[in-house]
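> turn this into a structure:
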Amino acid sequence: MSDIALIETARDFNRFYTNFLGLLNKAYLDSPYTLTDARILFEIGSHDGVSAAALVRDLHLDAAYLSRILKRFRAEGLIRTDPDPADLRSLIINVTDRGREEFEELGRRANAQIAARFDNLAIGEPQAVVSAMDTIRALLDPAAKPAPAIIRAHRAGDIGWIVQSQSRFYTAEYGWDLRFEALVAEVAGKFLANFDPALEYCWIAERGGVNVGSVLVTNGGDGIAKLRLLYVDKSARGLGLGKLLVDECIRFCRQKGYSELQLWTNDMLETARAIYVKTGFRLVSEERHRMFGPEANGQNWVLIL
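As a prediction, the model looks like this:
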């Protein structure tokens, strides 16, 4: 896509999203306030006192324009101003009780607007929208901080996500065919059907409400555990999640009294292999195969616990 086409596409999206949220409507969220009014009230209500200079800076507003809005807010009983103890030449702005009520009502309406839009989407699509938003902000806002990742147990729908995400990734990256998806579905399905919470576990890495990683430990019998389906999404690479997930597997297996942790992988997965080496696994065997179409080199790794 050419530079001009990229710019036109970005502008087209801006027009769509502005209309989507009704930002050009004179009455924002069917309230008596404009969008700018609501943004200013939100900033004041979200802080325990804020100066006019900070509002000008953070909201990129003209000082005279802001002054007129604040004068109206005072007349309507939405805000009060108090001397700044750190600088008596400056005033600190706070919401009044009435201003707090209006601030909270705008928040409820904004939440309801988004919830109504999400209700029309299929399962998983709201998370995809939020993930795309996170990506846009991370790329365009230098001050944006990525949402912290959490590691949690699996819940309904997570195993299906594991099958879908890994199948799509390995098909796109390595050209593997549908036999790989069949293998992942078989491993995941057996895990669910035979799940023994006393000896097995599934960890999901989640960031901003979106799944970005996973790994399973299954019982291989005779004191042997199997590490299966380690995966970290491209959007979360470089955060150390792969190592964290493997560490959780090792800790769990030691806690449950397993004597050995085994895994099977392919040698082109260099990042994963580096984690296995770093956490003490050793390569015990390897064999060329065409299980998923293109020729690959399968490897068996073992960690003595």
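> next helix or strand past the helix or strand containing Y17?
If you go by DSSP states H and E, Y17 is part of helix 3-21. Later in the chain than helix 3-21, the nearest helix or strand by DSSP H and E is helix 35-46.
> quick one: list the elements packing against that following helix.
On a contact count with 3 or more C-beta pairs under 8 Å, 6 or more residues apart in numbering; DSSP states H and E, helix 35-46 meets helix 52-59, helix 63-75, strand 87-95, helix 97-119. From N, CA and C alone the C-beta is placed, and that goes for glycine too.
> tell me the angle the helix holding Y17 makes with helix 35-46.
Helix 3-21 runs at 70 degrees relative to helix 35-46, counting by axes from the mean of the first three to the mean of the last three C-alpha atoms, to 10 degrees.
> neighbours around R282, how many?
10 (other C-beta atoms under 10 Å).
> these two touch, right, it and R273?
No. R282 is beyond contact range of R273, at 11.5 Å (criterion: C-beta atoms under 8 Å).
> tell me where the model's unsure across the chain.
1-2, 88, 146 (pLDDT under 70).
> what's the longest strand in it?
Criterion DSSP state E: the longest strand present in the chain is strand 210-221.
> list the buried residues for whichever strand or helix holds Q164?
Assigning secondary structure by DSSP H and E places Q164 in helix 158-174. Applying a neighbour-count criterion of 16 or more other C-beta atoms under 10 Å, one finds 158-159, 161-163, 165-167, 170-171 buried in helix 158-174.
> got those as TSV, with distance to E206 columns?
Shown next, in TSV, are the buried residues of helix 158-174 (distance: C-beta to C-beta, whole Å):
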residue	distance to E206
D158	9
I159	14
W161	10
I162	13
V163	17
S165	13
Q166	16
S167	20
Y170	21
T171	24
